[in-house]
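S.K.: Make a model of this:
(one chain, ligands or ions: 2)
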Amino acid sequence: MEKKDMLVYNNNFKTLNKLFDLNSNIHIIAGPCAVESIEQMEQTAQFIVKNGLKFIRGGAYKPRTCPYDFQGLGEEGLKILGHIKKKYDLITVSEIMDPRDIEKAIDYIDVIQIGSRNMYNYSLLKEVGKTNHPVLLKRGMTATVNEFLNAAEYVVSNGNTNVILCERGIRTFEDSTRNTLDISCIAIIKHETSLPIIADLSHSLGRTDIVLSIAKAVKAMNIDGIMLELHPEPKKALSDQQQQLSFREFESLLEEIK
Ligand code: PEP
Ligand code: MN
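M.R.: Ligands and ions are numbered 1, 2, ... in the order given. A predicted model of the protein is given here:
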């Protein structure tokens, strides 16, 4: 279909996104890669609240490359997120991979994340499109901008206009970062649509030492938000240890980008 007939290019989403006040400062979605325990999430939530932030992330269902690696706590993880959401009044963000899990997840998570590996899962996109729950749609690691926006069109055309896009890096020959953050994608989406877009600086970079410069760069592009992995003890994390920020690192980053 031509751009002129697609909702993502024509709708004004600015008025529709409940959770994203697009006139406010940059939104920061932080939290561990995976929900590992109630203690880990309590510590993270207290830290997030102390820093005046509103969102907490954490995967209950983890799409791991190796089937023998930690797969997430599943439903127990969702319940931990539900507890945190109530106790700290935070907005919870967590990935759903299976359409059968949507219904049970909805009470516990405020934003359904569709991960990079599932951007092309059209049945999943249609199902989340039939809810009116906010959806954080990540770019597939090999998806063109057009494919990315068509994935968003699947959600929007099924009735759910609460979509937040997330650039999380694409696969290139470059191996000094985990993926290559595509800033052109951010500029194109800002230019051609009114959908909010955030950048995931943890999965794109896969390292913590250059997060600050990249955060400044995307902030200068007027990005709507950034996603950052944050863990009370990154070295002990059950997944993505190398890219999760410690509380200390996170605090100095916040200082710098404010
Ligand atoms: C995540 O955010 O937990 C994740 C797995 O990211 P991605 O889908 O971008 O790889
Ligand atoms: Mn991760």
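S.K.: The spatially closest residue to residue 132 that is not a sequence neighbour: neighbouring residues, count only.
M.R.: Excluding its sequence neighbours, the residue lying closest to residue 132 (CB to CB, 6 or more residues apart in numbering) is residue 160, at 5.5 Å. C-beta coordinates here come from the backbone N, C-alpha and C atoms, glycine included. Using other CB atoms under 10 Å, the number of residues around residue 160 comes to 22.
S.K.: Residue 160 belongs to a helix?
M.R.: No - counting by DSSP: H, G, I helix; E, B strand; the rest coil, residue 160 falls outside a helix, being coil.
S.K.: doesn't residue 135 make contact with it?
M.R.: Yes - between residue 160 and residue 135 there is a contact under CB atoms under 8 Å: 6.4 Å.
S.K.: joint contacts of the two?
M.R.: The contact sets of residue 160 and residue 135 overlap at 128-129 (CB atoms under 8 Å, 6 or more residues apart in numbering).
S.K.: give the contact list for the residue nearest to residue 132.
M.R.: Residue 160 touches 128-133, 135, counting by CB under 8 Å, 6+ apart.
S.K.: Spatially, what comes nearest to residue 228 if we skip its sequence neighbours?
M.R.: Residue 228 sits nearest to residue 30 (CB to CB, 6+ apart), 4.7 Å away.
S.K.: Show the residue spans covered by the helices in this structure.
M.R.: 7-10, 38-50, 75-88, 102-105, 122-129, 145-157, 183-192, 201-205, 211-220, 247-257 (DSSP state H).
S.K.: Report the buried residues of the fifth one.
M.R.: Which is helix 122-129. 124-125, 127-129 (16 or more other CB atoms under 10 Å).
S.K.: Residues of the chain that sit close to ligand 2?
M.R.: 33, 240 (CB under 5 Å from the ion).
S.K.: Start and end of stretch 178-187, how far apart?
M.R.: 21 Å (CA to CA, to the nearest Å).
S.K.: rewinding a little: among the helices of the chain, which is the most enclosed?
M.R.: Of all the helices of the chain, helix 201-205 carries the top mean neighbour count, a mean of 25, counting by mean count of other CB atoms under 10 Å.
S.K.: picking that back up, any idea how far the residue nearest to residue 132 is from residue 152?
M.R.: 10 Å (CB to CB, to the nearest Å).
S.K.: on that earlier part again, go through the buried residues of helix 122-129 and name the one nearest residue 243.
M.R.: Distance to residue 243 across those (CB to CB) is lowest for residue 124, with 25.1 Å.
S.K.: Quickly note the distance from the residue in the chain positioned nearest to ligand 1 to residue 141.
M.R.: Going by CB to the nearest ligand atom, ligand 1 is nearest to residue 115 of the chain, at 3.0 Å. Distance check for residue 115 against residue 141: by CB to CB, it reads 10 Å.
S.K.: more crowded one of these two?
M.R.: residue 115 (23 against 19).
S.K.: for the protein, what are the low-confidence residue spans?
M.R.: 15-18, 21-24 (pLDDT under 70).
S.K.: Spatially nearest residue to residue 187, not counting backbone neighbours?
M.R.: Closest to residue 187 by CB to CB, 6+ apart is residue 221, at 6.4 Å.
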